[in-house]
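Engineer: build me a model from this:
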Amino acid sequence: MTARSLHIIDTTLRDGEQAPGVVFSFDEKLKIAALLDEAGVKELEVGTPIMGENEQTVIREIVNAGFRFQSTCWGRATEEDMEAAEKTGAGRMNISFPVSDIQQSAIDKNRKWVMDRIKPMMAFARERFDFVAVGAQDASRANRAFLHQFITACLTEGANRIRIADTVGTLNPMSTMDLFSWLVQEFPGVEFEFHGHNDLGMATANTVSAALAGCASTSLTVNGLGERAGNACLEEVAAAMKVSAQSDCGIQLDKLQELCKTVSELSLRKLPESKPIVGEMICRHESGIHCRSLVRNELSYQAFSPADFGRETELVFGKHSGSGGLNHFLKSKGILISKEQLQDIMFRMKEIAHKAKKALDYEDALMLLNSYSINEQK
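Structural biologist: Residues are numbered from 1 along each chain as shown. All right, here's what the predicted structure looks like:
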């Protein structure tokens, strides 16, 4: 199944920084923004201006830095939030309304309060911004009839885009598909955006499902950075859309490695070694059966060519290795040995890897080979 091109909005500098303990400095935000621009992201949610003058200053700097992306501010449906955003010079605003009963009751409000507030807040926003997106906070847990009423009112008042937020990550790919199929049918031609959280580990899959159902946009964060279990990952969604849905989102995939590594370092959030797309282990192979096939065709046990992401296929040697991968590695170094010698070296490698509880990389293999050669000469 193929999806149309998905408009990616990065919200690392807004929702990503809301992760507990994560703080980006002025220079760090500019650095992340520059890397996102290089990667081809066309829109950034650059921050929450109501947080204060420091936040407004860095947003203003990003807006005026000459980046190619469009800058959008986020705020609540209040005059104060929009006035703070206006001071930054950003031409786009995303205003958020609570649409589920549980979110409304948490702030002592109700559905009537939300509906009464749409017209004045949209008028206030339309006077100040060229583009006004409306966020339906906790839409995945909202009453569907009320959600329909809410969206209709926002569109009547001139909303340019509607964000459907799975605020606590309760959707699954099937329910996401059902929700967006309904939305697209009920509101043809409207630009919907999906904002998925990863509380149950399905944010990336849900985002792809939304796109396949006709959702036009999505807001993501680098490395899935965000509150609790985080948000849908920019790098995972971009890769999944390209490889699994055969759709190009305009992201330079070979730029993702540096981008994700930088955000990891600046956020002080270490990436898991097996993190999809950018983890250290995702192009590394030990199994003998896999290595033997990868030597002939790198797609035999990989979903994509590592080179597309600025990576290389790596063969390592350990308990599960076979001689085929090692022999290929030695031949690539111009080293030819007998079958008996190969088996002997392979046995020693497995023994070392077993004791060390780790695989041996190319450098380890060369060191062992040199040691083996010296012992053979002796």
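Engineer: who touches residue 300 in this structure?
Structural biologist: Residue 300 sits next to 290, 293, 294 when contact means CB atoms under 8 Å, 6 or more residues apart in numbering. Quick note: C-beta positions are derived from backbone N, CA and C, even for glycine.
Engineer: C-terminal to the helix or strand containing the last one, what's the next element?
Structural biologist: Assessed by DSSP states H and E, residue 294 sits inside helix 288-296. Elements were assigned by DSSP H and E; along the chain past helix 288-296, the next helix or strand is strand 314-315.
Engineer: give me the mean pLDDT for that next one.
Structural biologist: Mean pLDDT, strand 314-315: 76.
Engineer: which helices and strands does it pack with?
Structural biologist: Counting by 3 or more CB pairs under 8 Å, 6 or more residues apart in numbering; DSSP states H and E, the packing neighbours recorded for strand 314-315 are strand 284-285, helix 288-296, helix 323-332.
Engineer: state the mean pLDDT of stretch 349-365.
Structural biologist: Here the mean pLDDT over stretch 349-365 is 72, rounded to a whole number.
Engineer: shift numbering so it begins at 684
Structural biologist: Sounds good: first residue 684 from here, last item stretch 1032-1048.
Engineer: CA atoms only for that stretch, dumped as PDB, please.
Structural biologist: As requested, the backbone C-alpha atoms of stretch 1032-1048 are provided in PDB (Å, rounded to 0.1, in the frame of the first residue of the first chain):
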ATOM      1  CA  MET A1032      37.300 -16.100  17.900                       C
ATOM      2  CA  LYS A1033      34.200 -17.900  19.200                       C
ATOM      3  CA  GLU A1034      36.100 -18.800  22.400                       C
ATOM      4  CA  ILE A1035      37.200 -15.200  23.000                       C
ATOM      5  CA  ALA A1036      33.700 -13.800  22.200                       C
ATOM      6  CA  HIS A1037      32.000 -16.300  24.500                       C
ATOM      7  CA  LYS A1038      34.300 -15.400  27.400                       C
ATOM      8  CA  ALA A1039      34.000 -11.700  26.800                       C
ATOM      9  CA  LYS A1040      30.300 -11.800  26.200                       C
ATOM     10  CA  LYS A1041      30.600  -9.600  23.100                       C
ATOM     11  CA  ALA A1042      31.200  -9.900  19.400                       C
ATOM     12  CA  LEU A1043      34.500  -9.100  17.800                       C
ATOM     13  CA  ASP A1044      34.700  -6.400  15.200                       C
ATOM     14  CA  TYR A1045      37.100  -6.100  12.200                       C
ATOM     15  CA  GLU A1046      39.900  -4.600  14.400                       C
ATOM     16  CA  ASP A1047      39.600  -7.400  16.900                       C
ATOM     17  CA  ALA A1048      39.700  -9.900  14.000                       C
END
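Engineer: so where do the helices sit in the stretch 834-983 of the chain?
Structural biologist: With DSSP state H, counting those that start in this stretch as the criterion, the stretch 834-983 of the chain has helices at 856-869, 886-895, 917-926, 939-950, 971-979.
Engineer: quickly list the domain ranges of this protein.
Structural biologist: Listed by automatic domain parsing, the domain ranges of the chain are 690-950, 967-1060.
Engineer: redo these as a markdown table? Include distance to residue 956.
Structural biologist: Supplementary listing: those in a markdown table, determined by distance: least, CB to CB, whole Å:
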| stretch | distance to residue 956 |
| --- | --- |
| domain 690-950 | 12 |
| domain 967-1060 | 9 |
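Engineer: ranking these by mean pLDDT, which is last?
Structural biologist: What stands lowest among these, in mean pLDDT terms, is domain 967-1060, with a mean of 74.
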